[in-house]
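# Can you look at this prediction? I've put the sequence above it.
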There are 2 protein chains.
Amino acid sequence: MLSKKAKYGLKAMFYLAKKYGKGPILISDLAEEEHIPKKFLEIILLDMKRQGLLMSKMGKGGGYELSKHPDNIFVGQIVRILDGPLAPIPCVSKTAYARCAECKNEKTCEIRKIMMQVRDSTAAILDHTTLSEAPKALFIVTKKTK
Amino acid sequence: MLSKKAKYGLKAMFYLAKKYGKGPILISDLAEEEHIPKKFLEIILLDMKRQGLLMSKMGKGGGYELSKHPDNIFVGQIVRILDGPLAPIPCVSKTAYARCAECKNEKTCEIRKIMMQVRDSTAAILDHTTLSEAPKALFIVTKKTK
DNA sequence: GAATATACTACTAATTAGATAGATTTTGTA
DNA sequence: TACAAAATCTATCTAATTAGTAGTATATTC
């Protein structure tokens, strides 16, 4: 499940993508427009600024804007910043691998094999989709013939 | 993220699948073999019995076993019972749809479009994989040419 | 230096995850 | 029929995470 934090963050980023090139946008405006609690949004935007996706300016005429073109910001990056790794279990994460404490044999673990597929397909979607477009990736599901 | 509950549940189900046809298995044995806290496992198995995936027998010689052939039990069912809907956001769930409170227009929501894809690919994997096999579904990712 | 913004610190409330304890019911068998 | 083994039920409990709020500090512009 995507947290509200990530959902709000994505909403905010898509909003800023639409306004890209028009100068800084106020947190207050963004919060009001997208129905996001303002103080919560502050935290979210700050997170993304720290990770380099946003620029901010204080004082009059200030606000937030994307630090690069929407074409170059992927949805996967945003989700990882706000919700952590995409992998459903840590033992299949590429960005935050961790062994399962109770696992007897990682190589033969059926759950791991399955969740690896889930991770890969999710990552393929989110890491090919940018803020400027509808999803690029196209998925074709076929049955493997035994 | 998959909860520990779901991970333990899957482990237990794969274990019972291996023992299918050999009569009831004790919770204690299962817990010990797979390193799952016994009392927690009780709850998990009971959940799955209530949903019809397991049969149990009380008293001496009792225990748990699959209620049908492993070929006919899909990983997606188990995950849904233990962790709820597969969809990353409620507005793309097929089994538990709910509108997002803050959403202005569901039809045009970019987040929704993306998460719909994630849901569909996840479901395609989990609902084509049974307890008796390695995953059946094969995923091919291609870039949509604009 | 006043007004306007973000940045930072520090809470709090609600929910969920991950269990544990102990009593009860069912069943096989001595 | 009594006993022991096993699942089942009831009732909590604690810790972590999520979601959000309040108030203060700091930077910028006019």
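That came through fine.

# Tell me the buried residues in stretch A:31-39?
Residues A:A31, A:E34, A:I36 are the ones in stretch A:31-39 that count as buried (16 or more other C-beta atoms under 10 Å in any protein chain shown). Where you see a C-beta, it was placed from the backbone N, CA and C, and this is true even at glycine.

# The last one contacts B:E102, correct?
Yes - using C-beta atoms under 8 Å, A:I36 makes contact with B:E102 at a distance of 6.8 Å.

# shared neighbours of those two, which are they?
Taking C-beta atoms under 8 Å, 6 or more residues apart in numbering or on different chains as the criterion, A:I36 and B:E102 both touch A:K11.

# thinking again about what came up before, within reach of DNA strand C, which of the buried residues of stretch A:31-39 are there?
By C-beta under 7 Å from any atom of the strand, no member of these lies near DNA strand C.

# Narrow the residues you listed to those in strands?
Among those, no residue falls in strands (DSSP state E).

# now, which of these lie within helices?
A:A31, A:E34 (DSSP state H).

# I'd like the buried residues of stretch A:31-39 as a markdown table, with pLDDT and distance to chain B appended.
Converted to a markdown table, the buried residues of stretch A:31-39 look like this (pLDDT from 0 to 100; distance: C-beta to the nearest C-beta, whole Å):
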| residue | pLDDT | distance to chain B |
| --- | --- | --- |
| A:A31 | 96 | 11 |
| A:E34 | 95 | 7 |
| A:I36 | 96 | 7 |
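
# would TSV of the buried residues of stretch A:31-39 with distance to A:A98 be doable?
What follows is the buried residues of stretch A:31-39, written out as TSV (distance: C-beta to C-beta, whole Å):
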residue	distance to A:A98
A:A31	35
A:E34	34
A:I36	32
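
# What helix or strand is A:S56 located in?
Here A:S56 is covered by strand A:54-57, with elements defined by DSSP states H and E.

# Please compute how far that strand lies from its chain's middle.
18 Å (C-alpha atoms, centre = their mean, to the nearest Å).

# who does it pair up with?
Strands that pair with strand A:54-57, judged by DSSP bridges, come out as strand A:63-66 (antiparallel).

# Give the closest residue to A:V79 in space, chain neighbours not counted.
In space, and not counting its chain neighbours, A:V79 is closest to A:A6: 5.5 Å by C-beta to C-beta, 6 or more residues apart in numbering or on different chains.

# Regarding the residue nearest the centre of chain A, what is its secondary structure?
In chain A, the C-alpha nearest the mean C-alpha coordinate belongs to A:V79, at 2.0 Å (C-alpha atoms, centre = their mean). Classification of A:V79 by DSSP: H, G, I helix; E, B strand; the rest coil places it in helix.

# do you know how far A:K22 is from A:I36?
A:K22 sits 20 Å away from A:I36, going by C-beta to C-beta, to the nearest Å.

# Show me which residues of chain A sit near DNA strand C.
Residues of chain A lying near DNA strand C (C-beta under 7 Å from any atom of the strand): A:24, A:26-28, A:39, A:42, A:45-46, A:49, A:56-64.

# And the buried ones among those residues, selectable in PyMOL?
Selecting only the buried entries of these in PyMOL, with 16+ other C-beta under 10 Å as the criterion:
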select buried, chain A and resi 24+27+45+63+64
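
# when you check the residues of chain A next to DNA strand C against the helices, which ones overlap?
Using DSSP H, the subset of the residues of chain A next to DNA strand C located in helices is A:I27, A:S28, A:K39, A:E42, A:L45, A:L46, A:K49.

# From these, pick the one nearest A:L16.
A:L45 (9.0 Å; C-beta to C-beta).

# doesn't A:L53 make contact with the closest one?
No - at 9.5 Å, A:L45 and A:L53 do not qualify as touching, with contact defined as C-beta under 8 Å.

# follow-up on the earlier one: how close does the residue nearest to the centre of chain A get to A:C91?
Distance from A:V79 to A:C91, by C-beta to C-beta: 19 Å.

# same check, this time on A:A17
As judged by C-beta to C-beta, A:A17 and A:C91 stand 34 Å apart.

# Also A:I81?
From A:I81 to A:C91 the distance is 22 Å (C-beta to C-beta).
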